[in-house]
Each structure stands twice: as C-alpha cells, then as structure tokens.
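A.B. asks: structural data only, the sequence is not supplied:
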C-alpha cells in the first residue's frame, strides 16, 4: 500500500462493525487497545478471531478460526476465494485504486475452503462465514501483530492481508483498514527515525543517490552507499567473522533472538563489545568490554511514536541514579570521542528538529505542538493537523494504486515429526515484557506469574502423565529448557505454547533462527520440539 | 447525528442533542450537577441519587446522570434539589468512617463541603469488616467505601471480566473479589481500573516504597508509558522530597487511553528505582572482570575499541543495535552515529515487533 504503519487510529476502533483479529493476543499484548475492541463488541460489532490458541478475546468472538500455526496464507487465500466466488469484492475500488488484481484472482482460485480446512484445521463453513462477514461490512477493520509477522513467510502473510483489504476496498476512511499493532513503546518511531540498514530517516531509501546526497550535505559527511547488515545478517556475521564489534543499546539479543545459544556464541567471539543499558544483562556481564549506564523513560526528554503513528512526548520526572546518563548524551559524547564533528545539540528538541527538517512527513511536528496531545504523521507543515487514517483519498504508493501480490502457501520450515512431535509457538503475556529485566523486578507482578510455564492440552498432559504445575523438559534441535505445565484448553493437542520472558528458561534457546528471506524476521512462532516429564524428585515443587 | 431538541433548564430555554444525558447537557449550559456514582466511561446507573433534579410531570426527582434530554422537558435544579442533596450527603457521611484514608482525594468530602453537609451522627453498625488482600498492588478499605459500584461496573463494562462483586447487605455490604478469593485468584488482571474510578479512595494503591505525603502534594509529570506500542499517556506522580515515583495515574481526557491503564503501565514502574540499576560506567580489566570507571575513560575506551576494529576490518565489521525502548531522538542520533561517526549503514534492532 505504500506505508510502513497502521492505517487507522485507536479511537476509531470502537466504531468498527466487524473486527478481524489475526495473530494478535490483544488483551495481553495491547491491553488498553483491547478495551476499544471490547467496547466495539459491546456496541454490537462482530469479532472474528483467528488464532491457534483459545485466547481471551475468543470469549467475545462470534467466530474463532483456530488455525494451525503457520497456515495463515491458506486461511486468507481461502477467504479471498470465497469473496471472489460470491462476488463480494469491491470492483470499483479494485479498478480505480489497485493494480495486478488478476494475479491474485488466479492464485486464490486454487485455494478452496474445503482444501483449506484440511490444511488449517478451520471448518470450511467458518472460513466462508468469516469472509462474508468481513467483505460485506464497510466498517471492517483488521488487526494483526506478531502472530502474522514472526514466520519465515511473515511477508507473505502481510501481503495476503493487504490483498484482502484491497479486494474489499476497506481502506482510506474511518474504522477500517489494516492495523499492525506495535509491540514496543517506540518500535514505530525507531523505524521512522531511520535505525534501519536500507532506509535513511523517514523511510527515505538509502539506494537513492539524490536522497543520500541530501543527508550527506546536511551532515557534512558522506553517507556510505553500501547497505548495512540487517540484525539476522549481523548475527550470522558474528559467526563467520564479517562482524567483529557491536554497539548494543537497550537490547538483549541472547535472550530475545531465536537460537539464543548461537547468538551467545557469536557475542563471545567478538573483538569488541559496547553495551548501553539500565541493567546489566547476562550478555553484557559476560562479554562486554565497556558498559555504559543509561536512562529509563522517566529520566529523559524526547518522544515515542505509538502504533497509530502518534508522536507523544516523553518527559523527565526523576533524576538519574548515580552517574548514569541520558542515552542521548551518551550517544553524542561517544560520537565526539569517535571523532565526529556534530553540531552542539542543546537537548532532545534540537535532535528532533534535525530529524523533522530532513523527513518531509514529519516536518510539521514540533515540540511546541505536542504539549497537550501528540500528532500523527504524515504531518507536512505547521498548519497540518496530522493524519488519523492513511490512504485517503488514494493508496499512498507513488502510483496512487495499491499493489496486489499473489501469495502461494509455504509450510513452516520445521514441522513436527516422530522425534520432535510437538509444535511449539511463542509469545508474550500480560504480566511481563520481553526479556522481563523490568517486570521480573516487580514483586506484585511476579506474584501473579513467576515460574516459567508452558501451555499444554489436557490430552497431551495426560498422555505424558503430568498434571498442572509439574515440570516438563522441552527440547528442540537447538536447545533444551524446563518449565511448568499449565494444563488447559487454550492449546489443542499437539500444540504447546510458551512465553519468551523467563531468564531461567529462555524459550529462544529452542526457536528456529530461519528468517523471512526479504526482511529477516525470524520464525519465532513455529518450531518442532519434544516434551518429557521431569521426575518430581529433581525439582522443588514450588519456589 | 441526533436531532437537536429544546428543553427548559432552571427557567431558560436551551438546546441539546436528543438523548444526551441531562448531566452533560446541563454542564454545557453552565449548570454543574454533582455526581458520585456516575462515570462517563460507564453506562448510566443512577445509584447514589446525588444528581437528582426536579422534572415537571415526574412524581419524584430524577437522576440527571441517567435521564436523557427530550423535547419540552422542564428541569429544575434549584427548588428542592439542594435540600435533597444535603440530606443524601449526610446519609452517606453517617456510615463513612474513614473520609480521607491516606490523604487521598475524596469526592464525597469535597461535595459535603460544597453543599454544607456535616456528619450528623455515625450509624451504630457503620463499622464494616476489614478486608485484607495478599496482592501487593491494591488495597480496599470498606470504611471508606460508599458502595457506588463504580469499580464493579468498570470490571464488568470496560474490562468485561468478573473480578469484583458487591457482597452482603446493609451494614455487611462491601466490595470483594468475585467469590471472595484474593485479587490474585480471580479473572482480575490487576489493571487498577477499579481504583482509578473510585470516588472516595476506598480502593487504593499499596506501595512497597511509599510516601506518607498526601496525594495532593505529589508532583505530576505527564509522559508516555514505556511498555507496549499503544502509547498510553500517563502522569508519573513524584514525591518532591524523595524524587521517587510514588504512583502512576492517567486522566480520562488523555488520548488514546482515556485514563485506562494496564497492570504494567500502572504498577510496574519500580524498576526505575531498583537497586540493580547501573550507576557507573564499567570497563573490563586485565583480570577479565568489569570494573567501575570514569565516563571519560569508558568513552575513550569504547571509541578506541571501535576505531581499532574499523582500522583492521573496515566500518562494515561494526554492527549497531538501536532499540525500540529508546526515544525517537536517541534512535535518530544512534543511526547518525553509525552512518557518520563509524561509517556503516549496519544499524538495526529487534524491530520485527
């Protein structure tokens, strides 16, 4: 469609009439946004949830499409098959605002709901019903998150969703669209700001010599032409010697990246490692040459950009502990120590202004306009009130037309077999956050959730001879961890699920580090494991 | 859009959209009607009767928080209404043993002051059984509770879970976790929505490292939550003396969260003051251990190490990982550092999320 962001805004959610939530455990990962979904349902909207697990939202859903992990393309293609078969597509929108529709029509013709039922496990009637409900309502909105993206076919999944949206014309007005729910406070802003090997700030392509020239001129230094390495390439580069040093800021890759043992091995072999963080994590303790004590969100000025593209102010409330410094000061001082000749920034606002001057879609956003309420980009000048929903009146691609991408199903790279018979999927929980360096230090939270746990079906638990709370050993081709069984019907037999948060049971020791070939997203959501009970005598019953 | 209707408010002809709640329509026309059990997040309830007004043709006064504007309605807020309001306030005060627990704001006490009501006497059976809960975030003081049910309705209508219930009758009535278990054992997600809507401070934050300062003396700093990508707007409430965050609140006017928060946003802020925070730069010594050092030494060591790798293997041999935890400005500076001070475009993050 031409923008790397959610199309619509959070307040619009409650006025949608059909909500299609796929690959998002919204009440746990985005609890406050989920309140708008709950409100919409309370106002009479239909909620369709596609998720391998019986997540909380399925309680409110009129349909739960409980698909097997990694079969999203089949499900979505079969929905589109139904839409075209029954003539529910928006012909006028397709004609006026899209291109390459025929390629998708041809592909989805082969994806019948009956065959989809065999692959995905979702009844053909439910697929048809969901397709009809979604296509025939104007205010129909899609919400997705990592359940869609964290696959080797993550980009295929997003293209499929985009095809579905373009086919039904659900774009460019209120309470509709395709909404990627961003998992971290400033993941949208991080990308907007240009922390990307292929894009300069504001999504301006590095391979465009004119753009590179503009940045080189502004910065007084030639911006290198050679594209950088993506994270997955940096990690493999640590193994083969292409990458010899790392500057890690606020990241904990030996916990959060797949095949964590491999990552740790890479960090151990580096020539030089600088870590900048608020806590000393394991990788920094073992491998860093220099550790720089940094600032929490409560100790600094700046902005975060949320999932609806809204730039919100962050303000200093308390002093820094000890000799810790604000991250921005550390970066500026390190740049100077490296010999860079940067202007004198008086603070975060000066840095923001440099960004806004270089990135047209942010030009109109200045600190003095963010005092009361944040502004949503694009915001082109000081009179622009910002943009609540994108792609109005036309899709934002340069041609003004949204592009259909035909997508064929690719099975997950590693599927269960006789040696590793369980499918493991991973995610977040309400009570913790990523590697949990912050939330595990919160006693009130750990009261609710402390020990690592793995969700397993009653059938599988009984076959293994374990009950709720027993310890299980989980083993994949890459590693092994222990966690307590959480027995329940949130997962179906053959599927187990675990959260990524636990330092003593890093699920990313198990996950597969294959990635999407285009953008390098790892396949966190599907790998094959075996599950064995741990003899009770080997573990204390509770801590 | 609803059609506009005209009605009479204290003798004035005024206009409002048909079906608007009387309490809102009156406020827009400058007549402030006090409420206690009402909350704009919740369905009209009309429980406490504090907002009653006279309506021509009605045998009894009607609650403005649950009465909708209609053509020709004749509403009066100044005849018998002040007397009703004073009596109702006194009745609540008569069984309200703990009017300002912990110095927390109390809408009932404010209202009593406004309408000139004083505690006439204390009902002999006003003392309620105390409630202890083993969760570490929230406490409940039945003696400060006026049973307005805002908290229970918040869980049912906004969270749509069954975490809290009104239990018992008469003097035994109180709010408890559903089925009488601890907050930790119910569907409760510890979001603290119940305490955010409590008008009298009966449900309150427990603090491990608290403050004795009354809430009104805390300094509020508006900022953006540091957890997920929703970007809830919050107020960090800071004790001006200790310079510590004491609690997190949010205002119903804030976008996009309208004052709602989750367990992390409301309660998981103690990491900021945790003793494990890094407070000194560290450099690895000859002995293989990390040692505290000065900033000057740490920065020059970092720069020398990176420059050495660059000299030996080229700029592309250095990777820079920025973070979604950091601000826009910090990330902008980091990518600029990679591109101009090191000379590589290898700047990325765990950014799939």
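C.D. replies: Yes, it's here. This one's a predicted model, so the numbers in the text were calculated from it and none came from an experiment.
A.B. asks: is residue B:178 in contact with residue B:167, as I believe?
C.D. replies: No. Contact criterion CB atoms under 8 Å: residue B:178 and residue B:167 do not qualify, at 9.1 Å. The way it works is simple: take the backbone N, C-alpha and C, and place the C-beta from them, glycine included.
A.B. asks: for those two, indicate the residue with more neighbours.
C.D. replies: More crowded of residue B:178 and residue B:167, by other CB atoms under 10 Å in any protein chain shown: residue B:178, with 18 against 15.
A.B. asks: what sits against that one?
C.D. replies: Applying CB atoms under 8 Å, 6 or more residues apart in numbering or on different chains, we find residue B:178 in contact with B:162-165, B:186-187.
A.B. asks: just the buried residues of these.
C.D. replies: For those, a burial check counting by 16 or more other CB atoms under 10 Å in any protein chain shown picks out B:163-165, B:186.
A.B. asks: how about those residues, which pair is most distant?
C.D. replies: With distances taken as CB to CB, the most widely separated pair in these is B:165 and B:186, at 9.3 Å.
A.B. asks: so what sits against both of those two?
C.D. replies: Common contact partners of residue B:165 and residue B:186 (CB under 8 Å, 6+ apart): B:177-179.
A.B. asks: and the residue nearest the centre of chain A, what's its pLDDT?
C.D. replies: Centroid check for chain A by CA atoms, centre = their mean gives residue A:146 as the closest residue, at 4.3 Å. Note on residue A:146: pLDDT of 86.
A.B. asks: over to residue B:249?
C.D. replies: 94.
A.B. asks: the nearest residue to it once chain neighbours are set aside - how many residues pack around it?
C.D. replies: Spatially, and ignoring its direct neighbours in sequence, residue B:249 is nearest to residue B:235 (4.8 Å; CB to CB, 6 or more residues apart in numbering or on different chains). Residues lying near residue B:235 (other CB under 10 Å) number 18.
A.B. asks: and residue B:235, helix, strand or coil?
C.D. replies: When classified by DSSP: H, G, I helix; E, B strand; the rest coil, residue B:235 comes out as strand.
A.B. asks: ok, it - contacts?
C.D. replies: The neighbours of residue B:235, taking CB under 8 Å, 6+ apart as the test, are B:220-223, B:248-251.
A.B. asks: repeat for residue A:58
C.D. replies: Going by CB under 8 Å, 6+ apart, residue A:58 touches A:49, A:51, A:64.
A.B. asks: ok, residue 305 - contacts?
C.D. replies: Chain wasn't specified; assuming chain A. Going by CB under 8 Å, 6+ apart, residue A:305 touches A:186, A:188-189, A:192, A:311-312, A:377, B:231, B:328.
A.B. asks: not what I meant, chain B
C.D. replies: Shown in contact with residue B:305 (CB under 8 Å, 6+ apart): A:245, A:271-272, A:274, A:289-290.
A.B. asks: okay, now the unreliable bits of the stretch 201-350 of chain B?
C.D. replies: The model of the stretch 201-350 of chain B has pLDDT under 70 over residues B:207-213.
A.B. asks: for it, what spans make up the helices?
C.D. replies: B:263-267, B:295-313, B:328-336 (DSSP state H, counting those that start in this stretch).
A.B. asks: could you list the domains of the chain?
C.D. replies: All of this is about chain A. Taking automatic domain parsing as the criterion, chain A consists of the domains A:10-180, A:187-376, A:422-538.
A.B. asks: hmm, I had chain B in mind actually
C.D. replies: Split into domains by automatic domain parsing, chain B comes to B:4-79, B:101-205, B:219-272, B:282-348.
A.B. asks: tabulate those domains (a markdown table), appending distance to residue A:214.
C.D. replies: Listed next are these as a markdown table, based on distance: least, CB to CB, whole Å:
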| stretch | distance to residue A:214 |
| --- | --- |
| domain B:4-79 | 48 |
| domain B:101-205 | 46 |
| domain B:219-272 | 30 |
| domain B:282-348 | 13 |
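A.B. asks: wait, which of those is closest to residue A:386?
C.D. replies: domain B:219-272 (11.7 Å).
A.B. asks: so residue A:273 belongs to a strand, correct?
C.D. replies: Yes. Assessed with three-state DSSP, residue A:273 lies in a strand.
A.B. asks: tally up the residues packed near it, please.
C.D. replies: Residues contacting residue A:273 under the criterion other CB under 10 Å number 23.
A.B. asks: contacts only, for it.
C.D. replies: Counting by CB under 8 Å, 6+ apart, residue A:273 makes contact with A:245-246, A:248, A:267, A:284, A:287-290.
A.B. asks: related to what we said a few turns ago, of the contacts of residue B:305, list those near chain B.
C.D. replies: Counting by CB under 8 Å from any CB of the partner chain, A:245, A:271-272, A:274, A:289-290 from the contacts of residue B:305 sit close to chain B.
A.B. asks: and those, which two are furthest apart?
C.D. replies: Largest separation among those by CB to CB: A:271 and A:290, giving 12.8 Å.
A.B. asks: quick check, stretch B:271-279 touching chain A?
C.D. replies: Yes. With CB under 8 Å from any CB as the criterion, chain A is reached by stretch B:271-279 at B:271-274, B:276-279.
A.B. asks: so which helix or strand takes in residue A:48?
C.D. replies: Element membership of residue A:48, judged by DSSP states H and E, is strand A:46-50.
A.B. asks: what are the pairing partners of that strand, and which direction each?
C.D. replies: Strand A:46-50 sits in its sheet next to strand A:18-22 (parallel), strand A:63-65 (parallel), going by DSSP bridges.
A.B. asks: so the helix or strand just after the shortest one versus strand A:18-22, what angle?
C.D. replies: Going back to what we said before, that points to strand A:63-65. Using DSSP H and E, the helix or strand that directly follows strand A:63-65 along the chain is helix A:72-85. Here the directions of helix A:72-85 and strand A:18-22 differ by 150 degrees (axes from the mean of the first three to the mean of the last three CA atoms, to 10 degrees).
A.B. asks: just the buried residues of the following helix or strand past helix A:72-85, please?
C.D. replies: Using DSSP H and E, the next helix or strand after helix A:72-85 towards the C-terminus is helix A:91-97. For helix A:91-97, the neighbour count (16+ other CB under 10 Å) marks A:93-94, A:97 as buried.
A.B. asks: got it, and stretch A:3-16?
C.D. replies: By neighbour count, with 16+ other CB under 10 Å as the criterion, the buried positions of stretch A:3-16 are A:3, A:5-10, A:12-16.
A.B. asks: for those, work out which two are farthest apart.
C.D. replies: Largest pairwise distance in those, by CB to CB, is 23.2 Å, between A:3 and A:14.
A.B. asks: can you give me the strands for the stretch 151-300 of chain B?
C.D. replies: Applying DSSP state E, counting those that start in this stretch to the stretch 151-300 of chain B gives strands spanning B:164-167, B:174-177, B:203-205, B:219-224, B:233-239, B:244-249, B:282-284, B:290-292.
A.B. asks: the helices in the stretch 251-400 of chain A, which residues?
C.D. replies: Assigned by DSSP H, counting those that start in this stretch, the helices in the stretch 251-400 of chain A fall at A:253-256, A:260-268, A:282-287, A:327-337, A:348-358.
A.B. asks: any chance of these in CSV, plus mean pLDDT and mean neighbour count?
C.D. replies: Shown next, in CSV, are these (pLDDT from 0 to 100; neighbours: other CB atoms under 10 Å in any protein chain shown):
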stretch, mean pLDDT, mean neighbour count
helix A:253-256, 78, 24
helix A:260-268, 89, 19
helix A:282-287, 91, 18
helix A:327-337, 97, 23
helix A:348-358, 97, 20
